[in-house]
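>>> Here you go, sequence then predicted model.
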Amino acid sequence: MNVGFFIMKSGVEPGRKLVWLKITLALALGLGFILSWRLWISSRRFPLAPVITNLPGVPFPLDYLWFAMVLGLLLA
């Protein structure tokens, strides 16, 4: 079977498919962030796992701001 044949016969333009792919990926990533929001906030009860040893932790009010900005960037 030729998969490309079925993709072209679907009647949807490739540009429109890319738009739907972008929307789907942004929603999936956004929902993943929202469902695991406590992992991305520094004010929690379990210790943080540093990515780089010299990288300082994000202070309390800025972690919420950065998390909101990451979610906002998904809307772009």
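Cool, the structure landed. Numbers count the residues shown, from 1 in each chain.
>>> Only the buried residues of the helix or strand residue 32 falls within, if you could.
Using DSSP states H and E, residue 32 sits in helix 14-35. For helix 14-35, the neighbour count (16 or more other C-beta atoms under 10 Å) marks no residue as buried. Where C-beta positions appear, they are placed from N, C-alpha and C, glycine not excepted.
>>> Following that helix in sequence, what is the next regular element?
Downstream of helix 14-35 (by DSSP H and E), the next one is helix 37-40.
>>> Contacts for the next helix-or-strand element following that next one, please.
Elements were assigned by DSSP H and E; along the chain past helix 37-40, the next helix or strand is helix 60-74. Residues outside helix 60-74 that contact it (C-beta atoms under 8 Å, 6 or more residues apart in numbering) are 26, 29-30, 33-34, 37, 40-43, 58.
>>> so how far is helix 60-74 off the chain centroid?
12 Å (C-alpha atoms, centre = their mean, to the nearest Å).
>>> could you check the angle helix 14-35 makes with it?
160 degrees (axes from the mean of the first three to the mean of the last three C-alpha atoms, to 10 degrees).
>>> Could you state which residue of this protein sits nearest its centroid?
Among the residues of the chain, the one closest to the centroid is residue 29, at 3.1 Å (C-alpha atoms, centre = their mean).
>>> Before we move on, what's the pLDDT of the residue nearest to that residue when sequence neighbours are not counted?
Distances taken as C-beta to C-beta, 6 or more residues apart in numbering place residue 74 nearest to residue 29, at 6.2 Å, with adjacent residues excluded. The score at residue 74 is 88. That number is its pLDDT.
>>> Now do residue 74 against residue 59, distance only.
From residue 74 over to residue 59 the distance is 24 Å, taken as C-beta to C-beta, to the nearest Å.
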